[in-house]
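Chemist: quick check, what structure comes out for this input:
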Amino acid sequence: MTPHIGFVCGSVVSRVDWTARLFSLRVKVEGLSYVAGQFTKLGMYDNSGEFLRKAYSIVNSPENYYATGELEFLIIADPDGALSPNLHTLYSGDQVMVGEQCAGFMTLEEIPSQATELWLIATGTGIGPYFSMLQSDEFPDHYTDVVLVHAVRYEEDLVYKEVVSALQLKYGEKFQYIPIVSREEVPGSLQGRVPHLIEKRILESHAGLKLDMDKSFVYLCGNPAMVRDSAQSLTDRGYNKHLRRKSGHFSSENYW
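Modeler: Got it, this is the predicted structure:
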């Protein structure tokens, strides 16, 4: 397969189906470089010959990529989407194109140096880049608290439980994992929308940790409505959006 301009050829080496639509692909691809939290594009030609492409965050750490030559992606097959239904047809041995350039500013180095409490809040597949950060050897030691929040519709959407368990062992008491399931009651999980849980301080109460302007930093990743409304909830409480030219308390990345 001749690669499209700006892409290189990759080969699927493994696949995990979490649900009927939610799946992960491991893709063998050479010569890339990225920072934990970044994304690249996947691409395929459709039946009419049109080249389809979309950005997907990388789930595994850079160290894991350099050791294996494989990138991992968490993907939801959207029946109304252009590319994801095609990606959903791929299995081990199938080819897919991978963007040569990885990008994105939702990385560890963008977090203000004074932050010692880190909140990583995601919906759905938006949790992927957080796993890359948390599994990276570059994850800073100075954080006293790390709270990973994953909001989904159903319990079956709470993916990578073995990775979460490994992170709990790695970071010990300073690491918390808080699942939020909106459409069914699950023991140990919160219910409701993330913006509401932030606004009413329910998330902080559950974590036993208050957001502190002097030492807390929040990343938001996933559904654009969640990102927008959660950012507004934080702004209403006096927190400022982090900019590269001006330090703030939270930053975000829309995930479709």
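Chemist: mind checking how far residue 5 is from residue 240?
Modeler: In this structure, residue 5 lies at 40 Å from residue 240, with Cβ to Cβ, to the nearest Å as the measure. (C-beta placed from N, C-alpha, C; glycine too.)
Chemist: these two: who's more crowded?
Modeler: Using other Cβ atoms under 10 Å, the more surrounded residue of residue 5 and residue 240 is residue 240, with 13 against 6.
Chemist: can you give me the helices for the stretch 1-150 of the chain?
Modeler: In the stretch 1-150 of the chain, the helices defined using DSSP state H, counting those that start in this stretch lie at 62-68, 84-87, 128-134.
Chemist: setting aside sequence neighbours, what's the nearest residue to residue 181?
Modeler: Using Cβ to Cβ, 6 or more residues apart in numbering and skipping the chain neighbours, the partner closest in space to residue 181 is residue 189 (4.6 Å).
Chemist: check residue 9 too.
Modeler: The spatial neighbour of residue 9 that comes closest, neighbours along the chain excluded (Cβ to Cβ, 6+ apart), is residue 3 at 5.1 Å.
Chemist: what about the one you found, neighbour count?
Modeler: As a burial measure, the neighbour count of residue 3 was computed by other Cβ under 10 Å and equals 14.
Chemist: again with residue 26
Modeler: 19.
Chemist: returning to what we had before: deepest-packed of the helices of the stretch 1-150 of the chain, please.
Modeler: Ranked by mean neighbour count under mean count of other Cβ atoms under 10 Å, the helices of the stretch 1-150 of the chain are led by helix 128-134, which reaches a mean of 26.
Chemist: which other helices and strands does it contact?
Modeler: Contact analysis of helix 128-134 by 3 or more Cβ pairs under 8 Å, 6 or more residues apart in numbering; DSSP states H and E lists strand 51-57, strand 117-123, strand 145-152, helix 161-171, strand 216-222 as its packing neighbours.
Chemist: repeat that with 10 Å
Modeler: The elements that helix 128-134 packs onto, with contact taken as 3 or more Cβ pairs under 10 Å, 6 or more residues apart in numbering; DSSP states H and E, are strand 39-45, strand 51-57, helix 62-68, strand 70-76, strand 117-123, strand 145-152, helix 161-171, strand 216-222.
Chemist: CSV please, covering these and showing mean pLDDT and distance to residue 234.
Modeler: CSV is the format used below for the helices and strands packed on helix 128-134 (pLDDT from 0 to 100; distance: least, Cβ to Cβ, whole Å):
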stretch, mean pLDDT, distance to residue 234
strand 39-45, 98, 23
strand 51-57, 97, 22
helix 62-68, 99, 29
strand 70-76, 99, 25
strand 117-123, 99, 10
strand 145-152, 99, 13
helix 161-171, 98, 24
strand 216-222, 98, 7
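Chemist: could those be laid out in JSON lines, adding distance to residue 185?
Modeler: Converted to JSON lines, the helices and strands packed on helix 128-134 look like this (distance: least, Cβ to Cβ, whole Å):
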{"stretch": "strand 39-45", "distance to residue 185": "33"}
{"stretch": "strand 51-57", "distance to residue 185": "29"}
{"stretch": "helix 62-68", "distance to residue 185": "35"}
{"stretch": "strand 70-76", "distance to residue 185": "23"}
{"stretch": "strand 117-123", "distance to residue 185": "18"}
{"stretch": "strand 145-152", "distance to residue 185": "13"}
{"stretch": "helix 161-171", "distance to residue 185": "18"}
{"stretch": "strand 216-222", "distance to residue 185": "22"}
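Chemist: can you tell which of the ones you listed is closest to residue 14?
Modeler: Shortest distance between residue 14 and the helices and strands packed on helix 128-134, using Cβ to Cβ, is found for strand 70-76: 8.3 Å.
Chemist: fine by me, thanks again.
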